[in-house]
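1. Would you be able to build a 3D model of this:
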Amino acid sequence: MGAGMRVFVTGATGFLGGAFARALARQGAEIHALFRKASDRGSLEDVRIAWHECDITDAKGLSGLFDGAQWIIHAAGLLGRPGLPESVLHSVNADGTANVMAAAFATGAKPRVLHVSSPGILGPTGPEPATEKAPLAPTNAYERSKAAAETIALTFAAKGLPMVVARPGFIYGPGDRQVLRLFRAIRDGRFFYIDAGRHLCQPTFVADAIDGMLACLRRGSNGGVYNIAGPRPVTFRELVKTIADALGVRPPRWSLPRPLATLAATGLEAFGYAISRPPPLARSSVDFFSDDRVVSWQKAYREIGYDPAYDLAAGVTATVTWYREHGWL
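-> Below is the predicted model of the structure:
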């Protein structure tokens, strides 16, 4: 990437979009980014960014906005949470993607576009890593909205938009507030295993995720789909023990079977809804810790040279260090 290359980032005020902005700014890119009035841009105060006030759900506002961009990174999206209507998720994740792709397609010199998808659209994979050829099998509202978004993005690729899809999974690392809740629960002794922590996940350190997705942009095939994931599947028990060791605390001793955890989460969600507070345990969290979700990144290795550098212990240690330095732990 040449110095001064214009890159437009949607979702820059979020964890992943912000990581993109930082990485590209270090490489000399001219960063442009969307923001909404309610967005907190404080974490990027030290990064030179040309900000444009617009929402991806505003198709008219996006018109002409990408003119002159060589790259567009579409990282904006809405995560699912208890009580959030599926229509809202679809509006942001699917319709918003359609708006971004249409605006990119309408530019004179079509930019290269990265669509940030999710391996969650494959649903639970079982213990064998799923490849990019696995059928889409979303199991919840968020996954359905992301599956629709990826399908929309690929239709624009078929029309001639230079576009590549990356599916980064279970990203953690400095600056992330979602997985931070897991670190805090383990630190405070509030975490318990589900099904003895035997299910598989595939944590991906944020630096590896960004490197892999930028490799998709540089070398991925037009219309190509690439899994970008951590080096190996691990059980939740191994993940939690690794975090506990980095924190210097005892790992959890208690475990609940999935049916009992689901029952408890259902009651806590109802109570949280009644008092307008997020529940301490949601059914989506139970599902997350109760399924095997692992993917193969060998296609990305063969075609674009993706090779994650951070093993679990190194990534977790770096994350704990950053959290403590910034007063988050």
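2. Can you report how many residues neighbour the nearest residue to Ala141 once chain neighbours are set aside?
-> Computed as C-beta to C-beta, 6 or more residues apart in numbering, the closest residue to Ala141 that is not its neighbour in sequence is Glu86, at 3.9 Å. All C-beta atoms are positioned from the backbone trio N, CA, C, and that covers glycine. The number of residues packed near Glu86 is 13, by other C-beta atoms under 10 Å.
3. again, but for Ser118
-> Ser118 has 22 nearby residues by other C-beta under 10 Å.
4. check contacts around it.
-> By C-beta atoms under 8 Å, 6 or more residues apart in numbering, the contact set of Ser118 is Glu143, Lys146, Arg167, Pro168, Gly169.
5. Let's verify the third one: helix, strand, or coil?
-> Which is Arg167. Assigned by DSSP: H, G, I helix; E, B strand; the rest coil, the conformation of Arg167 is strand.
6. Surely it and Tyr226 touch.
-> Yes - judged on C-beta atoms under 8 Å, Arg167 makes contact with Tyr226 at a distance of 6.8 Å.
7. for this structure, longest helix please?
-> helix 141-159 (DSSP state H).
8. and that one, what other elements does it pack with?
-> Taking 3 or more C-beta pairs under 8 Å, 6 or more residues apart in numbering; DSSP states H and E as contact, the helices and strands that helix 141-159 lies on are helix 86-89, helix 96-105, strand 112-116, strand 163-168.
9. one more time with 10 Å, if that's ok
-> Where contact means 3 or more C-beta pairs under 10 Å, 6 or more residues apart in numbering; DSSP states H and E, helix 141-159 is packed against helix 86-89, helix 96-105, strand 112-116, strand 163-168, strand 225-228.
10. pLDDT on that helix, on average?
-> When pLDDT is averaged along helix 141-159, the result is 97.
11. centre of the chain versus that helix, how much separation?
-> Relative to the centre of its chain, helix 141-159 is centred 15 Å away, using C-alpha atoms, centre = their mean, to the nearest Å.
12. buried ones in that helix?
-> By neighbour count on 16 or more other C-beta atoms under 10 Å, the buried set for helix 141-159 is 141-150, 152-154, 156-157.
13. could you list every residue that touches the residue nearest to Ile228 when sequence neighbours are not counted?
-> Leaving aside its chain neighbours, Ile228 sits nearest to Gly212 (3.8 Å; criterion: C-beta to C-beta, 6+ apart). Applying C-beta atoms under 10 Å, 6 or more residues apart in numbering, we find Gly212 in contact with 166, 168, 204, 226-229, 297, 300-301, 304-308.
14. before we move on, what about Glu269?
-> Each residue near Glu269 by C-beta under 10 Å, 6+ apart is listed here: Pro82, Gly83, Pro278, Pro279, Pro280, Leu281, Ala282, Arg283, Ser284.
15. again, only using 6 Å
-> By C-beta atoms under 6 Å, 6 or more residues apart in numbering, Glu269 lies in contact with Pro82, Pro279, Ala282.
16. most surrounded residue in those residues?
-> Most neighbours among the contacts of Glu269, by other C-beta under 10 Å: Pro279, with 21 neighbours.
17. That one against Gly272, yeah?
-> Yes - under the criterion of C-beta atoms under 6 Å, Pro279 makes contact with Gly272 at 3.6 Å.
18. if I read this right, Val9 contacts Ala19, doesn't it?
-> No - taking contacts as C-beta under 6 Å, Val9 lies outside contact range of Ala19: 10.0 Å.
19. So the two - more neighbours on which side?
-> Val9 (28 against 23).
20. Rebuild the contacts of Glu269 as TSV, extending it with pLDDT, distance to Pro251 and secondary structure.
-> Below are those laid out as TSV (pLDDT from 0 to 100; distance: C-beta to C-beta, whole Å; DSSP: H, G, I helix; E, B strand; the rest coil):
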residue	pLDDT	distance to Pro251	secondary structure
Pro82	76	27	coil
Pro279	81	24	coil
Ala282	83	23	coil
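21. ranges for the helices of the stretch 151-300 of the chain?
-> Taking DSSP state H, counting those that start in this stretch to define them, one finds helices in the stretch 151-300 of the chain at 180-187, 206-219, 236-247, 258-274, 283-290, 298-304.
22. out of these, deepest packed?
-> helix 206-219 (a mean of 22; mean count of other C-beta atoms under 10 Å).
23. could you give the angle of it to strand 163-168?
-> Relative orientation of helix 206-219 and strand 163-168, computed by axes from the mean of the first three to the mean of the last three C-alpha atoms, to 10 degrees: 160 degrees.
24. Helix or strand for the residue nearest to Arg144 when sequence neighbours are not counted, just tell me which one.
-> The spatially closest residue to Arg144, leaving aside those adjacent along the chain, is Pro138, at 4.5 Å (C-beta to C-beta, 6+ apart). Secondary structure assigned from DSSP states H and E places Pro138 in neither a helix nor a strand.
25. ok, now which ones touch Pro138?
-> Counting by C-beta under 6 Å, 6+ apart, Pro138 touches Ile121, Gly123, Arg144, Ala147.
26. Among these, which one lies nearest to Pro259?
-> Gly123 (19.5 Å; C-beta to C-beta).
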